[in-house]
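1. return a 3D structure for these sequence lines:
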Amino acid sequence: MKIVPYDPRYKNDFIELNRAWISEMFVMEPEDERELGNIEPYVEKGGQIFFALDEQDQVMACCMLAPREDGDWEIMKFAARGMYTGTGAGSACLQACMDYAKKLGLPKIIIVSNRRCTHAVRLYRKFGFAEIPVDKQRFPFDRADIAFELML
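-> Numbers count the residues shown, from 1 in each chain. Just a heads-up that it's a prediction; the model follows:
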């Protein structure tokens, strides 16, 4: 497995993986469509998407760190292909985002999730993220019922 930064050839994988997990557990919301339809502007503003690739350069997992309009930086989309669950691909992508945030000198990063995503919630806690209150003004997703921040 190798971790690589954003490359347009993996854009459709990024969109497909995120649509799949959201649709499987919840419903796609307007904010999902907005974010997935505007990947390049996030990268142009300094954000980054990391991909875990297998030996055949197939996308195993992906994780996007991007600036929010309020000045915070957020793990905005994070997904793994089902057949790669448990391989460490998702953890490696999350770690790459955390390392990138440190390289940028960010004071913290945030994540919004749902308690039904038990594997993700456990992973965030394992990586040192602390739970913070969910502010529905800041996090417009209907499914958002838990939020975390990591002080860097």
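2. against which helices or strands is the helix or strand where residue 98 lies packed?
-> Under the criterion of DSSP states H and E, residue 98 resides in helix 89-104. Counting contacts by 3 or more CB pairs under 8 Å, 6 or more residues apart in numbering; DSSP states H and E, helix 89-104 is packed against strand 2-5, strand 48-53, strand 59-67, strand 73-80, strand 108-113, helix 118-126. (C-beta placed from N, C-alpha, C; glycine too.)
3. quick one: buried residues of that helix?
-> Neighbour-count burial for helix 89-104, counted by 16 or more other CB atoms under 10 Å, picks out 89, 90, 91, 92, 93, 94, 96, 97, 98, 100, 101.
4. ok, stretch 67-84 next?
-> For stretch 67-84, by 16+ other CB under 10 Å, it's 67, 73, 74, 75, 76, 77, 78, 79, 80, 81, 84.
5. buried sites along the least confident helix or strand in the chain by mean pLDDT?
-> Lowest mean confidence among the helices and strands of the chain (mean pLDDT, DSSP states H and E): helix 30-36, at a mean of 92. Within helix 30-36, the residues scored as buried using 16+ other CB under 10 Å are 32, 35, 36.
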